[in-house]
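K.L.:
Just the structure for this:
(4 chains)
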2 protein chains.
Amino acid sequence: MTGHTQRGQCAKRMSILDAAADVFCRQGFAAASIDEIAAVACVSRQTIYNHYREKETLFVAVVEDVMNRANAMLFSVLSAFPDNADNLEDDLTAFVVRLNKNCLCNHDGKFLRKLVQTEGERYPHLFESWRQHGPGKLTTALSALLARLAQKGTLVIDDFDVAARQFVALANADLQMMTLFGGIPTDAELEKAARNAVRTFLRAYRQPPAENAGAQPQLAAVSG
Amino acid sequence: MTGHTQRGQCAKRMSILDAAADVFCRQGFAAASIDEIAAVACVSRQTIYNHYREKETLFVAVVEDVMNRANAMLFSVLSAFPDNADNLEDDLTAFVVRLNKNCLCNHDGKFLRKLVQTEGERYPHLFESWRQHGPGKLTTALSALLARLAQKGTLVIDDFDVAARQFVALANADLQMMTLFGGIPTDAELEKAARNAVRTFLRAYRQPPAENAGAQPQLAAVSG
DNA sequence: GTAAAACTAGACGCCATTGTCTAAGAGGTC
DNA sequence: GACCTCTTAGACAATGGCGTCTAGTTTTAC
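P.N.:
Numbering: from 1, shown residues only, chains lettered A, B, ... in the order given. Sure, this is the predicted structure:
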C-alpha cells in the first residue's frame, strides 16, 4: 500500500517544493499563484492541494525545506574552518570562498534573505527559527572558532562576537551589491572578494610579530 | 486657477505618498491594496486615482520620492566626512553614527533596501537608478574621501574602492541583524556599533607609527 | 455670491485567484 | 482482471482587488 508508492509521491512533493521555492522567491508570497507553481512543477493544481492543504501551508513547508538544506550546508562549511595557523591567510580565504559560495550567494541563501525581509514581519515564528539556526548560528560558531585561533596566539581579539560579525561583514563587502540584485559571482570574483576580506581582517586582528622578543603585544583593548 | 489650489492638493499628494510608502513597505507591491492606502492617507480612493492614474504609477512615484529624500540626506551626511586627522577615531565614529542613523537604518533606507530586493527584478530601471545614486554613490564618494585621508599620510590604503566597501560593511556589521527585521537601533547601539567598526577599520588601515622611534606598537587607542 | 475645481462615498463590472468538487485516467498490488 | 491510491483536467462558487462612473459635498478662486 504505502511504502513503494511513496517514491512517486516523494518525487512529486520535492518537485512541488522546488517549484514553489522558485516562484515564491521570484514573485513573493502574495503575487505567487498556485497555478504557476503547478505549471513549473509539472503537476496538477489539485495535487498541490492534496499534499499541502492551502497556500500558506505550502509556503511554510517550502521555507522549512530550504532552511534545513541551508543549515546542513552551513554546518558542513563551518566544520572545515581552518584549525592550524600556518598559511592562515590562504586557509581563511578558502574558507570564505566556500562560505560565500555555498551558504550566502547560492539559491537557498538568496531565497532566505529575500524571504525574511519581505515576509519576516508577517511570519515572526518563521523568522525566529531562521535567525537562530541561520545567521545566528553562524555568528556564534564563528565566534567560538575565532576564539580557538586566538587562544593559540595567532589572533588578538578583544570581543569575539564583534570579530565574528565583522568577519562575516567583510566577507560580504565586495559581493553585497551583486547578490542584492540576484547576480551570482564568478569563481574569480569570489576568490578576490575573499582575499580582500581576509587580508583586512588579518591586518586588524593578527598577532603582530613579537618585536622586542617576548613582548606580549597589545593587551586586548577593552571590550565594548 | 492653478497655483494656490496647490497647497491643498500638495498636502493630499504628500499624504498619499507617505501612506503609500508605509503600506508598500509593509505589504509589498502585490499585497498592498489601494483601499488600505486610502484609509491610511485619510483620503478617498478616487482621489488617489485622480492624482496617480493607476497602482503602478503611484508605486513609481513613491519610489522616486523616497529616493530623492534619501539622496539628499546621503549627500548631506557625506559632506560632513572628517577632513583632518586629529581625533580621527572619534570623528569617524561620529560620521558612522550619522551615516547609519540617517541613511541606512531609517525609514527610507529600510524601505529602499526592502523594495530593491523584492521588486528590483521586476522594475529594473528603478533599481538601476537606486544603484547609481544610492549605494553606488556612497561607495564612490567614500572612496574619494578615504583617498584624501590617505594622501595626508594618515591611512595606508592600496585599493580605495575595496576600502570604501569594507568601511560600509563594517559600519553595518553589528546592526545588520537588527535592521533586517525592522528593528531601529538605539543611540547607544549606534554608538557602539560605529565605535567597533571604526576601531577595526583603523587597526587595518591606519598608518603605523614609525616603529623604532618612541614606538608603542599600535596604541589602538581605547577611548571610551 | 457664484462658478469651477477638487474631494467623498458608494455602487458597479471585470478579472484573477483561491479552494472545492467531480469524473476520468495511470500505475501499482493481490 | 479487480482493487486501491494517486493524479489529472476542468468546472465551479466565492472572494477580493482594480479601475470606472455617478451624484453629492466641500473647498477655492474671483
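K.L.:
now residue A:37: how far from chain B?
P.N.:
Distance of residue A:37 to chain B, computed by Cβ to the nearest Cβ, to the nearest Å: 15 Å. All C-beta atoms are positioned from the backbone trio N, CA, C, and that covers glycine.
K.L.:
my guess is that residue contacts residue A:17, does it?
P.N.:
No: with contact defined as Cβ atoms under 8 Å, residue A:37 does not count as touching residue A:17 (9.8 Å).
K.L.:
Which segments of chain A make up each domain?
P.N.:
Domain assignment for chain A, taken from the TED database, gives A:7-53, A:58-205.
K.L.:
neighbour-wise, which of residue A:37 and residue A:17 wins?
P.N.:
residue A:37 (25 against 20; other Cβ atoms under 10 Å in any protein chain shown).
K.L.:
where exactly do the helices run in chain A?
P.N.:
Along chain A, counting by DSSP state H, helices occupy A:6-31, A:34-41, A:45-51, A:55-78, A:88-99, A:107-119, A:124-133, A:135-151, A:160-173, A:176-180, A:187-205.
K.L.:
Just the mean pLDDT for the longest one, thanks.
P.N.:
Taken as a whole, helix A:6-31 has a mean pLDDT of 89.
K.L.:
what do you get for stretch A:66-83?
P.N.:
Stretch A:66-83 carries an average pLDDT of 95.
K.L.:
per-residue confidence for residue A:135?
P.N.:
85.
K.L.:
In contact with the most centrally placed residue in chain A, which residues?
P.N.:
Using Cα atoms, centre = their mean, the residue of chain A that lies closest to the mean C-alpha position is residue A:103, 3.6 Å off. Contacts for residue A:103 (Cβ atoms under 8 Å, 6 or more residues apart in numbering or on different chains) come out as A:70, A:73, A:74, A:77, A:109, A:138.
K.L.:
List the contacts of the closest residue in space to it that isn't next to it in sequence.
P.N.:
Nearest non-adjacent residue to residue A:103, counting by Cβ to Cβ, 6 or more residues apart in numbering or on different chains: residue A:74, 5.2 Å away. Taking Cβ under 8 Å, 6+ apart, we find residue A:74 in contact with A:103, A:134, A:137, A:138.
K.L.:
picking up where we left off before, so which of the domains of chain A gets nearest DNA strand C?
P.N.:
domain A:7-53 (3.7 Å; Cβ to the nearest atom of the strand).
K.L.:
Next one: that closest one, is it in contact with DNA strand D?
P.N.:
Yes: on the criterion Cβ under 7 Å from any atom of the strand, domain A:7-53 is in touch with DNA strand D at A:8, A:9, A:12, A:42, A:43, A:44, A:45, A:46, A:47, A:50, A:51.
K.L.:
picking that back up, deepest in the core, which of the domains of chain A is it.
P.N.:
domain A:58-205 (a mean of 18; mean count of other Cβ atoms under 10 Å in any protein chain shown).
K.L.:
Next one: that one, is it in contact with DNA strand C?
P.N.:
No: Domain A:58-205 lies apart from DNA strand C when judged by Cβ under 7 Å from any atom of the strand; the minimum separation is 7.8 Å.
K.L.:
lowest-confidence stretch among the helices of chain A?
P.N.:
If the helices of chain A are sorted by mean pLDDT, helix A:124-133 sits at the bottom with a mean of 82.
K.L.:
How far does stretch A:165-176 sit from its chain's centre?
P.N.:
Here the centre of stretch A:165-176 is set off from its chain's centre by 12 Å, with Cα atoms, centre = their mean, to the nearest Å.
K.L.:
ditto for stretch A:173-188
P.N.:
Worked out by Cα atoms, centre = their mean, stretch A:173-188 lies 14 Å from the chain centre.
K.L.:
Next, the distance between the ends of that stretch.
P.N.:
Terminal residues of stretch A:173-188 lie 15 Å apart, using Cα to Cα, to the nearest Å.
K.L.:
near chain B at all, that stretch?
P.N.:
Yes: Stretch A:173-188 lies within reach of chain B by Cβ under 8 Å from any Cβ of the partner chain, at A:173, A:174, A:176, A:177, A:180, A:181, A:182.
K.L.:
which residues sit against that stretch?
P.N.:
A:100, A:104-106, A:110, A:172, A:189-190, A:192-193, A:196-197, B:116-117, B:120-121, B:127, B:131, B:135-136, B:162, B:165-166, B:168-170.
K.L.:
could you redo the last one with a cut-off of 7 Å?
P.N.:
A:100, A:105, A:110, A:193, A:196-197, B:116-117, B:120-121, B:127, B:135, B:162, B:165-166, B:169 (Cβ atoms under 7 Å, 6 or more residues apart in numbering or on different chains).
K.L.:
and what of stretch A:133-150?
P.N.:
A:67, A:70-71, A:74, A:78, A:81, A:85, A:112, A:155-157, A:160-161, A:163-165, A:167-168, B:177.
K.L.:
any idea of the pLDDT on residue A:215?
P.N.:
44.
K.L.:
Might you enumerate the residues of chain A proximal to chain B?
P.N.:
Contacts of chain A with chain B, taken as Cβ under 7 Å from any Cβ of the partner chain, map to A:28, A:30-31, A:114, A:116-118, A:120-121, A:127, A:135, A:162, A:165-166, A:169-170, A:172-174, A:177, A:180-182, A:196, A:200, A:203-204, A:208, A:211, A:217-218, A:221-222, A:224.
K.L.:
swap the cut-off to 6 Å and go again
P.N.:
A:28, A:30-31, A:114, A:117-118, A:120-121, A:162, A:165-166, A:169-170, A:173-174, A:181, A:196, A:200, A:203-204, A:208, A:217, A:221-222, A:224 (Cβ under 6 Å from any Cβ of the partner chain).
K.L.:
So is stretch A:39-54 next to DNA strand C?
P.N.:
Yes: using Cβ under 7 Å from any atom of the strand, stretch A:39-54 comes into contact with DNA strand C via A:45, A:46, A:49, A:53, A:54.
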